[in-house]
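# no sequence on this one, just coordinates:
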């Protein structure tokens, strides 16, 4: 019995092909057309994913929110000598920061203009104030959450001091001065899109550009501040950045007196 099994094994070994394998062994020959179809398929899948990720973002934007982070008055100095504060602003999933006011202490001034797209359903601004440190982690000094005032969403410029919370307690860590304005945008039409023929590996029809809005009134022209007016206001407010002045002017719909009043409130 054992001899019979051994003979069968020897017979099978004798059948094995032992030699140099040919170059095309176990290889599938791919034509140029098949390579192109495979590349088209990958491109179609990539664009399809890009479309799916971009569509909700484009259709979900209500307008542009302008946030001027003017200054803060803090209750306590947590620095070794004087604090170097900066502010971090969060709107939805987007985060922005001001520059660091070196030696700003308890009265930092930033006059930082933040322009962000306001998604649908987002009605709150989160602000944190940090003391920048050189050799340790930056220390969180104060924070607040602000509901976007309804009058801002209807087109008014809103300037206000908001209470800050921190180690001293809720609402007693100081105040922060913000100027808010809002510019709505026309609704974005759905993107023109035809699913690619993935089975054939070819892209049939695809357009990732939003269709131009139809039947929508033309947006109001953006007011432009002349060089002479800008220079005059700059001389009145030398500590406020030029871009902040332009933004406040735009938020006041080109009203020069209203712009000066808003800037005066920022400097108080």
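The structure has been received and is ready for your questions. Predicted, not measured: the structure shown is a model, and the values here were computed from it. Numbers count the residues shown, from 1 in each chain.

# quick one: strands adjacent to the longest strand belonging to the chain?
With DSSP state E setting the assignment, residue counts place strand 169-184 as the longest strand in the chain. Paired with strand 169-184 in the same sheet, following DSSP bridges, are strand 61-74 (antiparallel), strand 158-166 (antiparallel).

# just name the most buried of those.
strand 61-74 (a mean of 21; mean count of other CB atoms under 10 Å). The C-beta positions use only the backbone N, C-alpha and C, and glycine is treated the same way.

# residues near residue 134, how many?
Per other CB atoms under 10 Å, the neighbour tally for residue 134 reads 7.

# tell me how far residue 115 lies from residue 64.
According to CB to CB, to the nearest Å, residue 115 and residue 64 sit 6 Å apart.

# please read the previous query as pertaining to residue 173.
As judged by CB to CB, residue 173 and residue 64 stand 30 Å apart.

# again with residue 231
From residue 231 over to residue 64 the distance is 27 Å, taken as CB to CB.

# with residue 262 instead?
Separation of residue 262 from residue 64 (CB to CB): 18 Å.

# mind listing the strands for the stretch 51-200 of the chain?
Assigned by DSSP state E, counting those that start in this stretch, the stretch 51-200 of the chain shows strands spanning 61-74, 85-91, 94-97, 109-119, 124-131, 139-147, 158-166, 169-184, 191-193.

# put together CSV for those strands, with mean pLDDT and distance to residue 248 on each row.
Converted to CSV, those look like this (pLDDT from 0 to 100; distance: least, CB to CB, whole Å):
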stretch, mean pLDDT, distance to residue 248
strand 61-74, 91, 7
strand 85-91, 95, 17
strand 94-97, 92, 18
strand 109-119, 90, 9
strand 124-131, 95, 18
strand 139-147, 95, 18
strand 158-166, 93, 9
strand 169-184, 92, 6
strand 191-193, 43, 35
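
# for residue 240, find the nearest of the ones you listed.
Closest of these to residue 240 is strand 109-119, at 5.1 Å (criterion: CB to CB).

# which helices and strands does that closest one pack with?
Applying 3 or more CB pairs under 8 Å, 6 or more residues apart in numbering; DSSP states H and E, one finds that strand 109-119 makes contact with strand 61-74, strand 85-91, strand 94-97, helix 242-251.

# need the ones you listed in TSV with distance to residue 161, can you?
Listed next are the helices and strands packed on strand 109-119 as TSV, based on distance: least, CB to CB, whole Å:
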stretch	distance to residue 161
strand 61-74	8
strand 85-91	14
strand 94-97	20
helix 242-251	17
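
# nearest to residue 125, of these?
Of these, nearest to residue 125 by CB to CB is strand 85-91, at 5.8 Å.

# in its sheet, what does the closest one sit against?
strand 94-97 (antiparallel), strand 124-131 (antiparallel).

# just say which of these is most tucked in.
For the strands paired with strand 85-91, where neighbours mean mean count of other CB under 10 Å, the stretch averaging the most is strand 124-131, with a mean of 20.

# contacts for that one, please.
67, 69, 72, 74, 78-79, 83-91, 108, 138-148, 162, 164, 176, 178 (CB atoms under 8 Å, 6 or more residues apart in numbering).

# which strands and helices lie in contact with the host helix or strand of residue 234?
Residue 234 belongs to helix 227-236 when assigned by DSSP states H and E. Using 3+ CB pairs under 8 Å, 6+ apart, the elements in contact with helix 227-236 are helix 242-251, helix 256-267.
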